[in-house]
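K.L.:
give me a model of this one.
(chains A and B)
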There are 2 protein chains.
Amino acid sequence: MPRRVGKYTVELPSRPFIAGRAAIGGTIEGEGPLGQQLDDIFPEPKFDESSWEKAEVRLQLAAIVRALVASQRKAEEIELFFGGDLLNQCTATSFAQRDYSMPLAGVYGACSTFALALALAALSVDGGGFRRTMAAASSHFCSAEKQFRFPLEYGGQPTPTAQRTATAAGAVVIDTDEGNALSAHSAHVSQVIFGRVMDLGVNDANEMGAAMAPAAADTLIRFLRDTKTSPADYDQILTGDLGEIGSTLFRGLVRKEAGLDVSPVHQDCGVLLYDTARQDAGVGGSGIGCSAAVLCADALPKLERGELKRVLFLGTGALLSAISPMQSETIPAIAHGVLLVGE
Amino acid sequence: MPRRVGKYTVELPSRPFIAGRAAIGGTIEGEGPLGQQLDDIFPEPKFDESSWEKAEVRLQLAAIVRALVASQRKAEEIELFFGGDLLNQCTATSFAQRDYSMPLAGVYGACSTFALALALAALSVDGGGFRRTMAAASSHFCSAEKQFRFPLEYGGQPTPTAQRTATAAGAVVIDTDEGNALSAHSAHVSQVIFGRVMDLGVNDANEMGAAMAPAAADTLIRFLRDTKTSPADYDQILTGDLGEIGSTLFRGLVRKEAGLDVSPVHQDCGVLLYDTARQDAGVGGSGIGCSAAVLCADALPKLERGELKRVLFLGTGALLSAISPMQSETIPAIAHGVLLVGE
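P.N.:
Here you go, the predicted structure:
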């Protein structure tokens, strides 16, 4: 059962493991550096559906189905499903669940949603009462642009500091370790830490990396203090999704506030998903599906192959709405952490 | 640690208890049948804030502060906070947390959000790793009308089947039982069950009670089968928020599908909050704050005073958005259950 380490971190001694995973992307994600690693690419942005919102439902369903197949489990065997998305009232997640009978716990943490879902899904298995759970999350560039900025037909220009909302989804099945043959080569969830809301006054909705960097730094520093570890104890500290500007700020904040250099091990999901020099992706990716897909397509396979041993995944989220900046609100942010370990 | 009972229900043997609770309402809620039981009434709809959204933040904060005071705990002692609201991107919850340093797990289940937050908060304490957690939720009539229907200035008329979104918030502190003096007269969380998405094809956003009734019936029937109990084993089966029409449908569905009569013990938060014959509240209340406030103002005090011994709280939610009915989507619904027991 879960055991507290330090003030904020919780250790999961039963070693719940990733029994199945899937990452799905759209065309531009498929043309990016991780394109070959995605489990499927949806070549047409609307996926033959009649709306962007319905397309996003289909995207999330595709990730769920593939993760289930990989885990050799049926939907009926999933005892609790944690999921969320960026659409108003989290409809991609709720509507996707119409096709299943999984008990659903909807979660929301903006782009940190996948980390939040993963942490709660692992915690539920380790705490007992649930033998296997799922975590999934999605975002779609077109539904997000329409909702948060302008419909695509408007032809709005992104600012130089803007990130691109990924058309992507990720899903994992978490299972109990004991006696499961799939476990030997899988990544295990070892520790989790939940984020606190941090708001340092950034009010530009096109500069979300800057809004989220303090939250990522806060969670990382609390985690390192709790666990008495340093950045060198991790093969990768994977933030998602700070983008290029936010990543620089994050490294600077950790150096300034804790005197630690994370540069040798720091990677960011938003930076990994696109080749920003070549692709129209601003300063990198964002959107709930970005970190979900990057974790499932890149970090988890590397953990399974033994190329990485310890990955600290820090999902970051900017907790604004389309109207809050217009009401002169600054942007609160949060970062949830999950330590994944390979064999 | 949590233990599975039957297929879906989870028992919490460590008996996490409600160490503090608070319910806040607006003027109309204050004039309703439970007005005297609310911990505070905000007499002016905007609470001196510049927007309905900011007013809702203040409403949720008021519930959080009062619950903390009642539990004799400080915010720093809360190890995980589960909360949600109806505003786009759950901003009432996120913005309220700017004032605190509580680790935050945002949850969303429409009007079932408080039940979902309560179930996860109790599960986290029982599972170990967390000694005390909080659950809170809020809604505001004016911010909800603006977002889901029309701004009030438009003067829209509700349909005869519409429910009134409550201006209300509720919050509880969940603590571990052992050796806590407050525990003796408090309600304990004994069992939880998570909802599945049910969609029987209702597509009228002004008839949400009908959309939610099947989900409430599904969760109740699964719970009774798992626990081998019948409605007579509970002093109250408290749905929230089906309203008058949804309540009738719910009782009929349970009778038809399981041959059980819940009428003698069934109450609905939406029906309890307003006197619909006298107040302008349609067929009863709805909104995330409705069931949160009714549970905290009515059921929990009755459990503490020994007037009720076993209350099965079934929080219901309609998982639509403002645009989904316009895209010809039907309304998926969900119901989460929490069994509360007094001494």
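K.L.:
from here on, contacts and neighbour counts on C-alpha atoms
P.N.:
OK.
K.L.:
from residue A:328, how far out is residue A:244?
P.N.:
In this view, residue A:244 and residue A:328 are 26 Å apart by C-alpha to C-alpha, to the nearest Å.
K.L.:
now check stretch A:16-29, is it near chain B?
P.N.:
No: using C-alpha under 8 Å from any C-alpha of the partner chain, stretch A:16-29 never reaches chain B; the gap is at least 14.1 Å.
K.L.:
same question, stretch A:326-333
P.N.:
Yes: Stretch A:326-333 reaches chain B (C-alpha under 8 Å from any C-alpha) through A:327, A:332.
K.L.:
contacting residues around that stretch?
P.N.:
A:197-205, A:211-212, A:214-215, A:316-320, A:324-325, B:51, B:94-95, B:98 (C-alpha atoms under 8 Å, 6 or more residues apart in numbering or on different chains).
K.L.:
which ones among the residues you listed lie within strands?
P.N.:
Judged by DSSP state E, these include A:316, A:317, A:318 as members of strands.
K.L.:
export those to CSV and append columns for distance to chain B and pLDDT.
P.N.:
Formatted as CSV, the ones in strands among the contacts of stretch A:326-333 follow (distance: C-alpha to the nearest C-alpha, whole Å; pLDDT from 0 to 100):
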residue, distance to chain B, pLDDT
A:316, 13, 98
A:317, 11, 98
A:318, 10, 97
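K.L.:
now render these as a markdown table, adding neighbour count.
P.N.:
As requested, the ones in strands among the contacts of stretch A:326-333 are exported to a markdown table (neighbours: other C-alpha atoms under 10 Å in any protein chain shown):
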| residue | neighbour count |
| --- | --- |
| A:316 | 37 |
| A:317 | 35 |
| A:318 | 31 |
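K.L.:
how about the helices in the stretch 1-150 of chain A?
P.N.:
Under the criterion DSSP state H, counting those that start in this stretch, the stretch 1-150 of chain A contains helices at A:27-30, A:52-71, A:91-96, A:113-127, A:141-148.
K.L.:
highest mean neighbour count out of those helices?
P.N.:
helix A:113-127 (a mean of 30; mean count of other C-alpha atoms under 10 Å in any protein chain shown).
K.L.:
was I right about residue A:216 contacting residue A:239?
P.N.:
Yes: taking contacts as C-alpha atoms under 8 Å, residue A:216 lies within contact range of residue A:239: 7.3 Å.
K.L.:
residues of the stretch 101-250 of chain A that sit close to chain B?
P.N.:
Close to chain B, as judged by C-alpha under 8 Å from any C-alpha, the stretch 101-250 of chain A has residues A:101-110, A:116, A:124, A:126-130, A:194-199.
K.L.:
picking that back up, can you select the buried ones from the contacts of stretch A:326-333 in ChimeraX?
P.N.:
Of those, the buried ones can be selected in ChimeraX as follows, counting by 16 or more other C-alpha atoms under 10 Å in any protein chain shown:
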select /A:197,198,199,200,202,203,204,205,211,212,214,215,316,317,318,319,320,324 /B:94,95,98
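K.L.:
surely residue A:132 touches residue A:123?
P.N.:
No: using C-alpha under 8 Å as the test, residue A:132 is too far from residue A:123 to be in contact (10.7 Å).
K.L.:
residue in the stretch 201-343 of chain A nearest to chain B?
P.N.:
residue A:321 (5.5 Å; C-alpha to the nearest C-alpha).
K.L.:
who touches the spatially closest residue to that residue that is not a sequence neighbour in this structure?
P.N.:
Computed as C-alpha to C-alpha, 6 or more residues apart in numbering or on different chains, the closest residue to residue A:321 that is not its neighbour in sequence is residue B:89, at 5.5 Å. By C-alpha under 8 Å, 6+ apart, the contact set of residue B:89 is A:86, A:88, A:89, A:108, A:110, A:319, A:320, A:321.
K.L.:
what about residue A:36, how many neighbours?
P.N.:
13 (other C-alpha atoms under 10 Å in any protein chain shown).
K.L.:
what do you get for residue A:293?
P.N.:
34.
K.L.:
ok, now the one 5 residues further on?
P.N.:
The burial metric for residue A:298, expressed as a neighbour count using other C-alpha under 10 Å, is 17.
K.L.:
pretty sure residue A:3 contacts residue A:123?
P.N.:
No: using C-alpha under 8 Å, residue A:3 is not in contact with residue A:123; the gap is 10.3 Å.
K.L.:
which residues do those two both contact?
P.N.:
residue A:12.
K.L.:
grab the nearest non-local neighbour of residue A:136.
P.N.:
residue A:171 (4.1 Å).
K.L.:
identify the bridge partners of the one you found.
P.N.:
residue A:22, residue A:136 (DSSP bridges).
K.L.:
tell me the pLDDT at it?
P.N.:
pLDDT recorded at residue A:171 is 98.
K.L.:
pretty sure it contacts residue A:70?
P.N.:
No: assessed by C-alpha under 8 Å, residue A:171 is found out of contact with residue A:70, at 10.7 Å.
K.L.:
ok, residue A:49 - contacts?
P.N.:
Counted by C-alpha under 8 Å, 6+ apart, residue A:49 has contacts residue A:55.
K.L.:
pLDDT score for it?
P.N.:
Confidence score, pLDDT, at residue A:49: 94.
K.L.:
quick one: the helices in the stretch 201-343 of chain A?
P.N.:
Listed in chain order (using DSSP H, counting those that start in this stretch), the helices of the stretch 201-343 of chain A are A:208-227, A:243-258, A:269-273, A:288-294, A:300-305.
K.L.:
those helices into CSV, with extra columns for mean pLDDT?
P.N.:
Converted to CSV, these look like this (pLDDT from 0 to 100):
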stretch, mean pLDDT
helix A:208-227, 98
helix A:243-258, 98
helix A:269-273, 98
helix A:288-294, 98
helix A:300-305, 97
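K.L.:
among the ones you listed, which is nearest residue A:35?
P.N.:
helix A:269-273 (8.3 Å; C-alpha to C-alpha).
K.L.:
show me where pLDDT drops low in chain A?
P.N.:
Within chain A, no stretch has pLDDT under 70.
K.L.:
what about the residue in it sticking out farthest from the centre, distance to chain B?
P.N.:
No residue in chain A sits farther from the centre than residue A:154, which is 29.1 Å out by C-alpha atoms, centre = their mean. Remark: distance between residue A:154 and chain B (C-alpha to the nearest C-alpha, to the nearest Å) = 19 Å.
K.L.:
what of residue A:83?
P.N.:
Counting by C-alpha to the nearest C-alpha, the gap from residue A:83 to chain B is 10 Å.
K.L.:
what are the bridge partners for that residue, then?
P.N.:
Here residue A:83, judged by DSSP bridges, has bridge partners residue A:106, residue A:136.
K.L.:
report how many residues lie close to it.
P.N.:
30.
K.L.:
how about residue A:323?
P.N.:
Residues near residue A:323, counting by other C-alpha under 10 Å: 12.
K.L.:
which residues touch residue A:32?
P.N.:
Taking C-alpha under 8 Å, 6+ apart, one finds A:273, A:274, A:275, A:279 in contact with residue A:32.
K.L.:
turn these into JSON lines, columns for distance to chain B and neighbour count.
P.N.:
Formatted as JSON lines, the contacts of residue A:32 follow (distance: C-alpha to the nearest C-alpha, whole Å; neighbours: other C-alpha atoms under 10 Å in any protein chain shown):
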{"residue": "A:273", "distance to chain B": "24", "neighbour count": "30"}
{"residue": "A:274", "distance to chain B": "26", "neighbour count": "27"}
{"residue": "A:275", "distance to chain B": "29", "neighbour count": "20"}
{"residue": "A:279", "distance to chain B": "29", "neighbour count": "13"}
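K.L.:
got a list of what the closest residue to residue A:216 other than its chain neighbours touches?
P.N.:
Counting by C-alpha to C-alpha, 6+ apart, residue A:335 is the residue found nearest to residue A:216 once chain neighbours are left out, at 5.2 Å. By C-alpha under 8 Å, 6+ apart, the contact set of residue A:335 is A:112, A:194, A:195, A:196, A:212, A:215, A:216, A:219, A:314, A:315, A:316, A:317.
K.L.:
next one: residue A:304
P.N.:
A:185, A:186, A:187, A:342, A:343.
K.L.:
compare those residues and tell me which has the most neighbours.
P.N.:
residue A:187 leads these on contacts (other C-alpha under 10 Å) with 31 neighbours.
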